[in-house]
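1. here is my input, please return the structure:
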Amino acid sequence: MRSLRARLLLALLFLLACAAVVMGSLAYRNTLEQAEALFDYQLRQMALSLRDQGEVAAPGEQLLSDERLDFVIQIWSRDGRVIYASQAHEMLPNRAQLGYADIRAGSQLWRTYSVATPGRVIQVAQPEAVRRRMATDSALRSVTPLLLLAPLLALAAWWLAIITLRPLQRMATEVHARDAASLQPIPLAGLPGEIAPLAQALNDLLDRLATAWQAQRSFVADAAHELRSPLTALKLQLHLLRQAHQGPQREAALDDLAQGIERASRLVEQLLLLARNEPDAPAQAMQALDLDELVRREVASLAPMARVKRTDVELLSSGPLEMLGHAPSLASLVRNLVENAIQHSPAAARVQVQLGSVAAPDGTMAPTLVVEDSGPGIPAQERERAFDRFYRRAGTDVPGSGLGLAIVRAVAERHQARVDLDASALGGLRVTVRFGGPTAAHSASDSSSAAP
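-> Numbers count the residues shown, from 1 in each chain. Have a look, this model is predicted:
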C-alpha cells in the first residue's frame, strides 16, 4: 500500500530540489555576470586613471608591475613606440582597439580596454582565464549557503508532511479503535477544511450503518416476537395431535396443524421478502416486463380466495404496460394488495383493481396501480402507521401478520414508486402505487375482467 505521507514528502522534496536548482543556477549565472561587469569596470577605471595622470613612471620603475594584480598595462606613442609596459614578457599586440576588446596573444585570451590621448594610447589587459577563475569562485561562494540550507529544507519538508497529515492519522486511529457497535459520529472540530469532507462522509456512512443496525435489531426482535405465537400454536397442535384418537378428532387436529404450518410458512416467506427489499439489501436485477400481464396473473391466482368470500374482483386495465422492474417483487406487491383487499372486505363485497399510465413531471408516461376495497378502511391519522412492520389495527379479527403494506412500500421504493392511502368510493381503503420509471403503453382501449 502506497503511503500518502511518503508521496507528499517526495513531492515536497522534488519541488524543493527543483527550486534549489533553479535558484542556484540563477544565482550562479547572475554572479558570473556581475563579476564580469566588475572586472570590466576595473579595466576601464585603471585606463582612465592612467590617462588622467598625464605622466607615468619610467619603464625601469614599473610602479604598476605587481603581477598579483593580473593586469598588464601598455602605453604606446602615436607612432607605435612602446612608452610603458608593466610586464614586458607578455607578448601583446602593439596596436590596440579602443574600448573593450577580446584578443588572443599566443595561446592565451585577454580582455582589454584601451583609451587614446592626443599623444599616446593606453591599454589595460587581463587574462580571461583569471577572470573566469575569480568569477567562478565568487559564484560558488554565492551558491554555497543554498547548498548548506538544502538539508534543513528537507528536514522541514519531512516535518511539514508529518504535521499536515497528523489530523488524518488521528482520525484513522480513532476509527480503528472502535468496535462494531461504536457508530458515533467522528468529531469535526479542529479538522482542516480538506479533511472535514472526508470525516463528514464517514459520519454519513456511520449514520446509515447505525440506522441499518437499529432496523436490523428491530426487525429481528419483531420477527422473533411474531414467530413465537405461531410456533407455540404449532407445539400445542402437535401435542393435541399426539393425544387425539382415531376419527374426527384426529382429523381436526391434523387440519389445525396444517393451517398452523401454513401460517408460519407464510410469515417466514413475508419476512424474507421484506428483508430482500430493504433499502440496504443487494440490488435486484431489473428487466423489461408487462405490468398488465403480471397483474392479471396475480389477480387470477387469488380467484379461489375471492370465490370463498364471494368477492367480486374487477380488473380494469388499459392494456399492455411495459416497464423495468423485478418481476417476483412486483408480483408480491400486487398479491399483498389484492389479498389484503379481499380479506378486509366483507362477504359478497367488491374489490376493484385499476391499471393505467399517467403523465410524469418529466413528460413521460408512468404506470399507476390502484386497488380499492369495500372494507372498514383505515382512519387518516393511522394511515402512515399502517406501513410499519407488524402493524395491525386494534380490534381487527382478520388473520394476518401485519407485514402486507410494509412489503408493498419496500418493493415500491425499490422501483422508485410512491404509495398513497386514501378513502375509497367503495367504502373501504384506496391504495395507489405511482411508479416513477418510464413506460410504453401499446393499447389505448380499456378492458375489464372479473375474477370468478
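2. quick one: the strands in the stretch 351-452 of the chain?
-> 365-372, 417-423, 429-435, 440-441, 447-451 (DSSP state E, counting those that start in this stretch).
3. just send those back as CSV, with mean neighbour count too.
-> C-beta: built from backbone N, CA, C; applies to glycine. Listed next are the strands of the stretch 351-452 of the chain as CSV, based on neighbours: other CB atoms under 10 Å:
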stretch, mean neighbour count
strand 365-372, 22
strand 417-423, 16
strand 429-435, 21
strand 440-441, 14
strand 447-451, 15
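4. can you lay out the ones you listed as TSV showing distance to A253 and mean pLDDT?
-> Below are the strands of the stretch 351-452 of the chain laid out as TSV (distance: least, CB to CB, whole Å; pLDDT from 0 to 100):
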stretch	distance to A253	mean pLDDT
strand 365-372	37	90
strand 417-423	40	92
strand 429-435	37	93
strand 440-441	53	37
strand 447-451	33	38
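5. possible to save those strands as JSON lines with distance to R141?
-> Output for the strands of the stretch 351-452 of the chain, formatted as JSON lines (distance: least, CB to CB, whole Å):
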{"stretch": "strand 365-372", "distance to R141": "82"}
{"stretch": "strand 417-423", "distance to R141": "80"}
{"stretch": "strand 429-435", "distance to R141": "82"}
{"stretch": "strand 440-441", "distance to R141": "84"}
{"stretch": "strand 447-451", "distance to R141": "100"}
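6. out of the ones you listed, nearest to A410?
-> strand 417-423 (9.9 Å; CB to CB).
7. the strands of the stretch 351-452 of the chain: which one's closest to V308?
-> Nearest of the strands of the stretch 351-452 of the chain to V308, taken as CB to CB: strand 447-451 at 11.9 Å.
8. per-residue pLDDT, S142?
-> Reported pLDDT at S142 in the predicted model: 79.
9. so it is in which element?
-> helix 128-176 (DSSP states H and E).
10. packing partners of whatever helix or strand comes next after that helix?
-> Sequence-wise, the next helix or strand downstream of helix 128-176 (DSSP H and E) is helix 196-243. In terms of contacts (3 or more CB pairs under 8 Å, 6 or more residues apart in numbering; DSSP states H and E), helix 196-243 is packed against helix 128-176, helix 248-276.
11. okay, buried residues for stretch 131-148 please.
-> Within stretch 131-148, the residues that count as buried by 16 or more other CB atoms under 10 Å are R131, M134, A135, A139, S142, V143, L146.
12. check stretch 105-112 too.
-> For stretch 105-112, a neighbour-count test (16+ other CB under 10 Å) marks W110, R111, T112 as buried.
13. and which of these is nearest to A412?
-> R111 (93.3 Å).
14. confirm the closest one sits in a strand?
-> Yes. R111 forms part of a strand when assessed by DSSP: H, G, I helix; E, B strand; the rest coil.
15. who wins for proximity to E384 among the strands of the stretch 351-452 of the chain?
-> Of all the strands of the stretch 351-452 of the chain, it is strand 417-423 that lies closest to E384, at 8.2 Å by CB to CB.
16. the nearest residue to S142 once chain neighbours are set aside and A11, how far apart?
-> Spatial nearest neighbour of S142, excluding adjacent residues (CB to CB, 6 or more residues apart in numbering): T31 at 4.6 Å. Distance, T31 to A11, using CB to CB, to the nearest Å: 30 Å.
17. the more surrounded of the two?
-> The neighbour comparison of T31 against A11 (other CB atoms under 10 Å) goes to T31, with 19 against 12.
18. hang on, the earlier thing: to L272, which of the strands of the stretch 351-452 of the chain lies closest?
-> Using CB to CB, the nearest of these to L272 is strand 417-423, at 20.6 Å.
19. how big is the angle separating the closest one from strand 429-435?
-> Between strand 417-423 and strand 429-435, the angle comes out at 160 degrees (axes from the mean of the first three to the mean of the last three CA atoms, to 10 degrees).
20. R208: neighbour count?
-> Using other CB under 10 Å, R208 is surrounded by 13 other residues.
21. the helices in the stretch 251-400 of the chain, which residues?
-> Assigned by DSSP state H, counting those that start in this stretch, the helices in the stretch 251-400 of the chain fall at 291-301, 303-308, 327-344.
22. can I get these in CSV with mean pLDDT and mean neighbour count?
-> Converted to CSV, these look like this (pLDDT from 0 to 100; neighbours: other CB atoms under 10 Å):
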stretch, mean pLDDT, mean neighbour count
helix 291-301, 94, 19
helix 303-308, 91, 14
helix 327-344, 91, 22
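23. ok, which of these comes nearest Y100?
-> helix 327-344 (94.2 Å).
24. mind giving me the packing neighbours of the closest one?
-> Checking 3+ CB pairs under 8 Å, 6+ apart, helix 327-344 ends up next to helix 248-276, strand 287-290, helix 291-301, helix 303-308, strand 350-359, strand 365-372, helix 404-414, strand 429-435.
25. apply 7 Å and report the result again.
-> helix 291-301, helix 303-308, strand 350-359, strand 365-372, helix 404-414 (3 or more CB pairs under 7 Å, 6 or more residues apart in numbering; DSSP states H and E).
26. using CSV, write out every CA atom in that helix.
-> Taking C-alpha atoms only, helix 327-344 is exported to CSV below (Å, rounded to 0.1, in the frame of the first residue of the first chain):
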residue,chain,number,x,y,z
ALA,A,327,-41.0,-9.4,-11.5
PRO,A,328,-41.0,-11.6,-8.3
SER,A,329,-41.1,-8.4,-6.1
LEU,A,330,-43.8,-6.7,-8.1
ALA,A,331,-45.8,-9.9,-8.0
SER,A,332,-45.6,-9.9,-4.2
LEU,A,333,-46.7,-6.2,-4.2
VAL,A,334,-49.8,-6.9,-6.3
ARG,A,335,-50.6,-10.1,-4.4
ASN,A,336,-50.4,-8.4,-1.0
LEU,A,337,-52.6,-5.5,-2.1
VAL,A,338,-55.3,-7.7,-3.6
GLU,A,339,-55.1,-10.3,-0.8
ASN,A,340,-55.5,-7.6,1.8
ALA,A,341,-58.4,-6.0,-0.1
ILE,A,342,-60.2,-9.4,-0.2
GLN,A,343,-59.5,-10.3,3.4
HIS,A,344,-60.7,-6.9,4.8
